[in-house]
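1. next one to model:
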Amino acid sequence: MVKIKKIHLKLYVRIGLLVCGVVAIVLLVANIFISQKIENMTRKNLEEKAFDIAYIVSQSPTIIEGLSNSSNEDKIQYLANKIKDSTNVQFVVVTDMNGIRKSHPDKTKLGKKAVGGDFKKAFQGDEYVSEAKGTLGESLRTFVPIRKSNGHQIGVVVVGISMDKVHESVIQSAHTIYFGIIFGLLTGVAGAGLLANNIKKIMFGMEPHDIAKLLNTRNTMLKSIREGVLAVDKYGIITLVNDEACRIFNKAGIYNVMGKRVDCCISSTRLIYVLKSGKEELDREQEIKDITLITNRIPIFINGKVDGAIATFRDKTQLKILAEQLTGVKLYANALRAQTHEFMNKLHVILGMLSMKSYDELSQYIKITANKYQREIGFVVRHFKDPVLSGFILGKMSYAREKGVNLILSENSYVPEPFHKETAHDLITIVGNLIDNAIDAVFTSDDKTIYLSMVFNAQCLHITVSDTGCGLEDKNRIFKKGFSTKEDNRGIGLYLVMVSVEKLKGCIDVYSKINEGTTFDIKIDYKSEEDKL
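-> Residues are numbered from 1 along each chain as shown. Purely as a prediction, here's the structure:
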């Protein structure tokens, strides 16, 4: 069995064929009705013409006198043929009340009885039209009685138009319709082509099956992504909302936003501003009913004009959880890397002592190293209750030793677990940047020492970072974004410190002397988990 391959016509071809077919059918049906109407109108016009001629003949004094006085009959033939020639009809026949012809295009028929079988009603005084076959062939015949001034009927005038001429007139009238049909069909073809090309342009040259495939892919993508997606048209009407966006809106008590104006549903939206300005807004915070979102807003351009806008957003809480996980993993990874490097050096020492068979010294070295390690970890774990912060401190201590810097923790340091988890990340930003700057500051000093103190008391956390470095020359500009005494486009660390301190409602004091060192003294509001008890 041969399988017939299904032919897929392109969309613009199908549109063209459809429009042409519809136009052709409409014109064909119109032609049927119009042609019939034109035929009737043409026939009626010819009938009226014949009636007018017959009336003129019936009212002619010459005709009336000729029928009344046999001596004047010759004038009837002359006048009737003259009227026939001037009006271009087939014949004008005048008969008396006996049906005897007094005029006829063929002189040999004069004085003979008229034929056709349709004279009866005319002799009774009726006016009418009939089709009959006479001596001149089939014709359209109009009968009008001839009366004297007193109303007495003395004869009948018959005006005939050949049926061939009637059909010819109908065909000539139909030619105009045929021309209109052809012109309409050509116009329809041209319009179909323009319409098909315009639709193809609007759909970027894509076929319906390509659009259906793209739509299915888009719907699947919108359902699978973890970010909320909301799109509006150029009037600010919401045209697209994915499942994640609906979930966030429902959580905020906002329902059924599709088809509504975005600023009427979401008071904090800035999509209307994006539509007007045509400028994107990236990574902006947005509050919706106590839900904080991180939102990106991008205008949609078509042919260089803003035709809509789209916003993607995600619950900031989820981002914080991911950031906590990522930060914790990174900090522990850095700590493990530094400690691995540190203990590789110690293993080399142990291997050297084994090679020299210095077993007593080796035992003592191992005990000292183990005790120091346990003291350091135990101290950090006891004094820094947040695991992320404690892992960070251990990592920084290992990193400092790797750089040849002595990082000393104050014995009074104590930081309880924060009430808000994101506070730990702000602390890491503050302490991390200060320690990194301190390591850079003491790098060229003989005394490479850094002191770190973090003391909690009465919902206040006092942080002190001191170094024995080269000091600062311009304390007033160090927190300005982009300002740095180092190269490689740095100058962001202390700016982030200031931002985090301000976020935690704290203050910073800086004390520095050239070639003696620098101290950063910070106080911030700190609410701990212990405060809930």
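2. and the lengthiest helix in the chain, what other elements does it pack with?
-> Longest helix in the chain by number of residues (criterion: DSSP state H): helix 11-58. Helices and strands touching helix 11-58, by 3 or more CB pairs under 8 Å, 6 or more residues apart in numbering; DSSP states H and E, are helix 73-87, strand 91-96, strand 128-134, strand 137-147, strand 153-162, helix 163-202. Where you see a C-beta, it was placed from the backbone N, CA and C, and this is true even at glycine.
3. let's go with 6 Å and repeat that
-> strand 137-147, strand 153-162, helix 163-202 (3 or more CB pairs under 6 Å, 6 or more residues apart in numbering; DSSP states H and E).
4. could you dump those into a markdown table and include mean pLDDT, mean neighbour count and distance to residue 42?
-> Shown next, in a markdown table, are those (pLDDT from 0 to 100; neighbours: other CB atoms under 10 Å; distance: least, CB to CB, whole Å):
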| stretch | mean pLDDT | mean neighbour count | distance to residue 42 |
| --- | --- | --- | --- |
| strand 137-147 | 83 | 21 | 11 |
| strand 153-162 | 86 | 23 | 11 |
| helix 163-202 | 72 | 14 | 5 |
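5. now do the strands in the chain.
-> Using DSSP state E, the strands found in the chain span residues 91-96, 128-134, 137-147, 153-162, 228-233, 238-241, 281-288, 291-302, 305-315, 406-409, 449-456, 460-467, 507-513, 517-525.
6. quick one: the first one to helix 73-87, angle?
-> Looking back up the chat, that one is strand 91-96. Between the axes of strand 91-96 and helix 73-87, defined by axes from the mean of the first three to the mean of the last three CA atoms, to 10 degrees, the angle is 150 degrees.
7. and the fifth one, by the same measure?
-> Computed by the same axes, to 10 degrees, the angle separating strand 228-233 from helix 73-87 equals 140 degrees.
8. in CSV, list the C-alpha atoms belonging to strand 228-233.
-> Only the C-alpha atoms of strand 228-233 are listed here, as CSV (Å, rounded to 0.1, in the frame of the first residue of the first chain):
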residue,chain,number,x,y,z
GLY,A,228,7.4,35.2,38.3
VAL,A,229,6.7,36.7,34.9
LEU,A,230,4.3,39.5,34.2
ALA,A,231,3.8,41.2,30.8
VAL,A,232,1.8,44.3,29.8
ASP,A,233,0.9,45.8,26.5
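9. out of the helices and strands packed on helix 11-58, which comes closest to residue 499?
-> Evaluated over the helices and strands packed on helix 11-58, closeness to residue 499 peaks at helix 163-202, with 47.9 Å, by CB to CB.
10. residues contacting the residue nearest to residue 127 when sequence neighbours are not counted?
-> Counting by CB to CB, 6 or more residues apart in numbering, residue 127 lies nearest to residue 144, which is 5.3 Å off, once chain neighbours are set aside. Residues in contact with residue 144 (CB atoms under 6 Å, 6 or more residues apart in numbering) are 54, 55, 58, 127, 157.
11. and these as TSV, adding distance to residue 180?
-> Below are these laid out as TSV (distance: CB to CB, whole Å):
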residue	distance to residue 180
54	34
55	35
58	40
127	36
157	39
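12. of all the residues you listed, which two lie farthest apart?
-> By the measure CB to CB, 127 and 157 form the most distant pair in those, at 10.3 Å.
13. do you know how far residue 241 is from residue 150?
-> To residue 150, residue 241 is 96 Å away according to CB to CB, to the nearest Å.
14. then residue 37?
-> Taking CB to CB as the measure, residue 37 falls 43 Å from residue 150.
15. okay, those two: which has more neighbours?
-> Neighbour count, other CB atoms under 10 Å: between residue 37 and residue 150, residue 37 has more, with 11 against 5.
16. show me how far stretch 82-101 is from its chain's centre.
-> 79 Å (CA atoms, centre = their mean, to the nearest Å).
17. contacts for it next, please.
-> Residues from elsewhere that reach stretch 82-101 (CB under 6 Å, 6+ apart): 53, 67, 76, 80, 102-105, 109-110, 112-114, 119, 136, 139, 155-162.
18. repeat the analysis, applying 8 Å as the threshold.
-> 49-50, 53-54, 56-57, 63, 66-67, 76, 80-81, 102-105, 109-114, 119, 123, 136, 139, 146, 153-162, 165 (CB atoms under 8 Å, 6 or more residues apart in numbering).
19. what of stretch 213-230?
-> By CB under 8 Å, 6+ apart, the residues outside stretch 213-230 that reach it are 206, 238, 240-245, 247-249, 257, 262, 271, 293, 310-314, 318.
20. buried ones in that stretch, by neighbour count?
-> Buried residues in stretch 213-230, defined by neighbour count with 16 or more other CB atoms under 10 Å: 222, 227, 228, 229, 230.
21. please name the residues that touch the spatially closest residue to the third one that is not a sequence neighbour.
-> Here the nearest residue to residue 228 in space, its sequence neighbours aside, is residue 245; by CB to CB, 6+ apart that works out to 3.4 Å. Shown in contact with residue 245 (CB under 8 Å, 6+ apart): 228, 229, 230, 313.
22. can you lay out these as CSV showing distance to residue 199 and pLDDT?
-> Shown next, in CSV, are the contacts of residue 245 (distance: CB to CB, whole Å; pLDDT from 0 to 100):
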residue, distance to residue 199, pLDDT
228, 33, 87
229, 27, 89
230, 28, 90
313, 35, 88
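23. figure out which of the strands of the chain is closest to residue 212.
-> Closest to residue 212 of the strands of the chain is strand 238-241 (CB to CB; 17.3 Å).
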